[in-house]
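S.K.: Just the structure for this:
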Amino acid sequence: MDEVNQKQNFTPVGSPKDTSFLEGPHSRFKEFTFLLDVMLQFIKGFRKLHFVGPCITVFGSARFKEGEQYYELARKVGGEMVQLGFTVMTGGGPGIMEAANRGAKEAGGKSVGCNIVLPTEQHPNPYLDLWVNIDYFFIRKLMLTKYSYGFVVMPGGYGTLDEFFEALVLIQTGKLKKFPVVLMGKEYHTALFQHIQNMVKEKTISADDVTLFLFTDSVEEANAHISKYAIEGFGLKRRKEMKPNILLGEKKPISANSN
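M.R.: Sure, this is the predicted structure:
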């Protein structure tokens, strides 16, 4: 009975488009229209975010509030990243995402978001120069990765861990260049780090795989790590500006809020 009640009280967090598609095979026409919708979502994301990079993406929970330890840590991280010449990119929502975007704006830098559309709508936070709303998680994750030269992972839940491990897997398998990944919040992530050490012990990953990320509480250490492996490692100087193509109707980079 408890199991039945749990199923009845469960509310899916995916968009209706996600849940419908993942129900199984549909008519060929419906599958085709889904592919068209995905293509249009990609084009929308590419056009909106074409001029934002290079970025540092900050991942973390939407549930932390202003004044709390990890909110303020993310706010400081956002400010430091723009001092290195990067645009700060997040999932565009509240909590850690808001804090990182806020820190970037307060430091005079650029701040962008890739917001996911949910049934309980997640509104873009007020510290974004530009954002794009995406219906599908897999497209959103690609956008958060595509324009970034490094990733800072703050305390969070399932979604944050998903983003953390996906970045590591892409780097581990050579699908993504060895961009720096920083896992912040030693107390919060203690058990996670111990589990990663256990994976090395059980030989499900190699000892070298642990070096794919930096585990720290220090913003200064994170700053130095990203500077060394993103800027020096890939020859980045300062933020590169790309010129808009008038024939494509493109506007000046990050000129106004957008959805």
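S.K.: now the helices for the stretch 101-250 of the chain?
M.R.: Using DSSP state H, counting those that start in this stretch, the helices found in the stretch 101-250 of the chain span residues 137-146, 158-172, 190-201, 219-226, 233-234.
S.K.: nearest to Glu66, of the ones you listed?
M.R.: Counting by C-beta to C-beta, Glu66 lies closest to helix 219-226 out of those; the figure is 17.8 Å. Using the backbone N, CA and C atoms, a C-beta is placed for each residue, glycine as well.
S.K.: Output the closest one as CSV - backbone C-alpha positions only.
M.R.: Extracted C-alpha coordinates of helix 219-226, given in CSV (Å, rounded to 0.1, in the frame of the first residue of the first chain):
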residue,chain,number,x,y,z
VAL,A,219,38.4,29.8,-4.2
GLU,A,220,42.1,30.8,-4.7
GLU,A,221,43.1,27.2,-5.4
ALA,A,222,40.2,26.8,-7.8
ASN,A,223,41.2,30.0,-9.5
ALA,A,224,44.8,28.9,-9.9
HIS,A,225,43.7,25.5,-11.2
ILE,A,226,41.4,27.0,-13.9
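S.K.: what's that helix packed up against?
M.R.: Under the contact criterion of 3 or more C-beta pairs under 8 Å, 6 or more residues apart in numbering; DSSP states H and E, helix 219-226 touches helix 69-83, strand 148-153, strand 181-184, strand 214-216.
S.K.: again, 6 Å this time
M.R.: helix 69-83 (3 or more C-beta pairs under 6 Å, 6 or more residues apart in numbering; DSSP states H and E).
S.K.: Any buried residues in the helix it packs on, and which?
M.R.: Tyr70, Tyr71, Leu73, Ala74, Arg75, Lys76, Val77, Gly78, Gly79, Glu80, Met81, Val82 (16 or more other C-beta atoms under 10 Å).
S.K.: If I take it and strand 148-153, what angle do their directions form?
M.R.: 160 degrees (axes from the mean of the first three to the mean of the last three C-alpha atoms, to 10 degrees).
S.K.: just how off-centre is helix 69-83 within its chain?
M.R.: Computed by C-alpha atoms, centre = their mean, to the nearest Å, the chain-centroid distance of helix 69-83 equals 15 Å.
S.K.: quick revisit: mean pLDDT and mean neighbour count for the helices of the stretch 101-250 of the chain - can I get that in JSON lines?
M.R.: Putting the helices of the stretch 101-250 of the chain into JSON lines (pLDDT from 0 to 100; neighbours: other C-beta atoms under 10 Å) gives the following:
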{"stretch": "helix 137-146", "mean pLDDT": "94", "mean neighbour count": "19"}
{"stretch": "helix 158-172", "mean pLDDT": "96", "mean neighbour count": "17"}
{"stretch": "helix 190-201", "mean pLDDT": "97", "mean neighbour count": "13"}
{"stretch": "helix 219-226", "mean pLDDT": "97", "mean neighbour count": "18"}
{"stretch": "helix 233-234", "mean pLDDT": "82", "mean neighbour count": "15"}
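S.K.: now Gly150: how far from Glu106?
M.R.: 20 Å (C-beta to C-beta, to the nearest Å).
S.K.: The two: which is more packed in?
M.R.: Gly150 (26 against 15; other C-beta atoms under 10 Å).
S.K.: my guess is that one contacts Pro180, does it?
M.R.: Yes: with contacts counted by C-beta atoms under 6 Å, Gly150 reaches Pro180, the gap being 4.4 Å.
S.K.: Now list whatever residues contact both of these two.
M.R.: Shared between the contact lists of Gly150 and Pro180 (criterion: C-beta atoms under 6 Å, 6 or more residues apart in numbering) are residues Ile226, Ala230.
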